[in-house]
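> Got a predicted structure plus its sequence, pasted below:
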Amino acid sequence: MARISRLGRRDVSEGVGEIYDRYVRQRGNVPNMFRTVAHRPEILQTIIAHMEAVLNTGTLPTALKELLIVRTSQMNHCEYYLALYSLLAKKLGYNDEQIATLPRFESTDAFTPREKAALRLAETPYPS
């Protein structure tokens, strides 16, 4: 089976390298998806713009958005994203206890009412 390689920092153009450097500074790593899409820098730039608009704009703080990604990763049993976004949530101020208690967030005092409302919404199934 053919696979698409993940490009390292030395394998990309200076413009893509700047994106890599920014992600390492902000998040601690360059996600594998970005390293794969880096084969097409124009597509990577649009993905980055979209991700940054989702995470860095709007009325919810970025940290809460990252926590919601952790919860949806738990619900979907996605170990890769769970590990990645748990680290990011901790970097943004959440702790191990909060991440461990996410499945039972309603019965803990570890979250604010606003966080609980957002987590409730994240757990709400889409209508069929």
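Sure thing, it's come through.
> Need the mean per-residue confidence for stretch 111-120.
Averaging pLDDT along stretch 111-120 yields 97.
> And the helices in this protein?
Here the chain has its helices, by DSSP state H, at 14-27, 32-37, 41-56, 62-75, 79-91, 96-101, 113-123.
> ok, K116 to I4 distance?
40 Å (CB to CB, to the nearest Å). The way it works is simple: take the backbone N, C-alpha and C, and place the C-beta from them, glycine included.
> Specify which residue of those two has the higher count of neighbours.
The neighbour count for K116 versus I4, taken as other CB atoms under 10 Å, is higher for K116 (14 against 9).
> count of neighbours near the nearest residue to that one once chain neighbours are set aside?
In this structure, K116 finds its nearest non-sequential neighbour in F105, 5.9 Å apart by CB to CB, 6 or more residues apart in numbering. Residues within reach of F105, counting by other CB under 10 Å, total 19.
> Quick one: residues contacting F105.
Contacts for F105 (CB atoms under 8 Å, 6 or more residues apart in numbering) come out as 71, 111, 115-116, 119.
> now the helices of the chain in JSON lines, with distance to G8?
Listed next are the helices of the chain as JSON lines, based on distance: least, CB to CB, whole Å:
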{"stretch": "helix 14-27", "distance to G8": "8"}
{"stretch": "helix 32-37", "distance to G8": "7"}
{"stretch": "helix 41-56", "distance to G8": "14"}
{"stretch": "helix 62-75", "distance to G8": "25"}
{"stretch": "helix 79-91", "distance to G8": "18"}
{"stretch": "helix 96-101", "distance to G8": "29"}
{"stretch": "helix 113-123", "distance to G8": "34"}
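> winner for burial among the ones you listed?
Greatest average neighbour count among the helices of the chain goes to helix 62-75 (a mean of 19), per mean count of other CB atoms under 10 Å.
> Please tell me how far L7 sits from F34.
L7 is 9 Å from F34, by CB to CB.
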